[in-house]
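Peer 1: quick one, what's the 3D model for this:
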Amino acid sequence: MDAEHEVMVSPRLTKYYIDKRMSIEIDSLGITPSCGPFLVAIGRNEGISPTDLSKVMFVDKSLTTRNVKQLSDKGYVVNVGDNSRRYSLKLTESGEAAMKKIDATMKMVADDLMSTLTDEEREVFIMAITKICSKITSDINECCRSED
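Peer 2: Residues are numbered from 1 along each chain as shown. Presented below is the predicted three-dimensional model:
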């Protein structure tokens, strides 16, 4: 294996670390760390359907359904659709407050991780990760178009 691949950070390790740090900070919200990104996505896409939320989150609908149910049961999300068959998800007032706490926690965790880098390293890292995310998004979108 070449040196480039030896230094890659495992996605599972990264998720584990972030979930552990998030759970410490958001335990008082009564939701799992995996619900956090769903709450934020709903807040940033008011009126989104569970199907579209699954697409935004790049996960299957069953995972979305479980997370939305947990958020709904805790009173953070409501369906404001015009009937029981048409879902239109929106954050409640307590959901807005929870989203702010989750956003602040995610920023704190990212800042903590980035604190190990110099300003120059941070700038290079952000440019590199932006390019990688753009490539991933582009490839996923292309893949999804071919499935339609």
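
Peer 1: so how far is I126 from S62?
Peer 2: Shown here: S62 relative to I126, a distance of 34 Å by CB to CB, to the nearest Å. For every residue, glycine as well, the C-beta is placed using N, CA and C.

Peer 1: actually P11, sorry about that
Peer 2: 18 Å.

Peer 1: about what we covered before: pick out whichever of S62 and I126 has more residues nearby.
Peer 2: The residue with more neighbours, out of S62 and I126, is I126; 12 against 9, by other CB atoms under 10 Å.

Peer 1: secondary structure element for the more buried one?
Peer 2: Assigned by DSSP states H and E, I126 belongs to helix 119-147.

Peer 1: mind listing what's buried along the helix or strand harbouring I24?
Peer 2: Using DSSP H and E, I24 falls within helix 11-26. Across helix 11-26, burial judged by 16 or more other CB atoms under 10 Å covers I18, R21, M22, E25, I26.

Peer 1: of these, which is the nearest to D112?
Peer 2: R21 (7.7 Å; CB to CB).

Peer 1: which ones are touching the residue nearest to the closest one when sequence neighbours are not counted?
Peer 2: Distance criterion CB to CB, 6 or more residues apart in numbering; nearest residue to R21, sequence neighbours excluded, is V109 at 4.7 Å. Taking CB atoms under 8 Å, 6 or more residues apart in numbering, we find V109 in contact with I18, R21, M22.

Peer 1: that's a helix at V109, yeah?
Peer 2: Yes: with DSSP: H, G, I helix; E, B strand; the rest coil as the criterion, V109 is assigned to a helix.

Peer 1: state the pLDDT value of it.
Peer 2: For V109, the model assigns a pLDDT of 90.

Peer 1: same check on the one 3 residues further on?
Peer 2: With respect to pLDDT, D112 scores 91.

Peer 1: could you measure from it over to D19?
Peer 2: For D112, the distance to D19 (CB to CB) stands at 15 Å.

Peer 1: what strand or helix carries the residue nearest in space to the middle of the chain?
Peer 2: Against the mean C-alpha coordinate of the chain, by CA atoms, centre = their mean, the closest residue is P37 at 2.9 Å. Per DSSP H and E, P37 falls inside helix 35-44.

Peer 1: what's the angle between that helix and helix 11-26?
Peer 2: 80 degrees (axes from the mean of the first three to the mean of the last three CA atoms, to 10 degrees).
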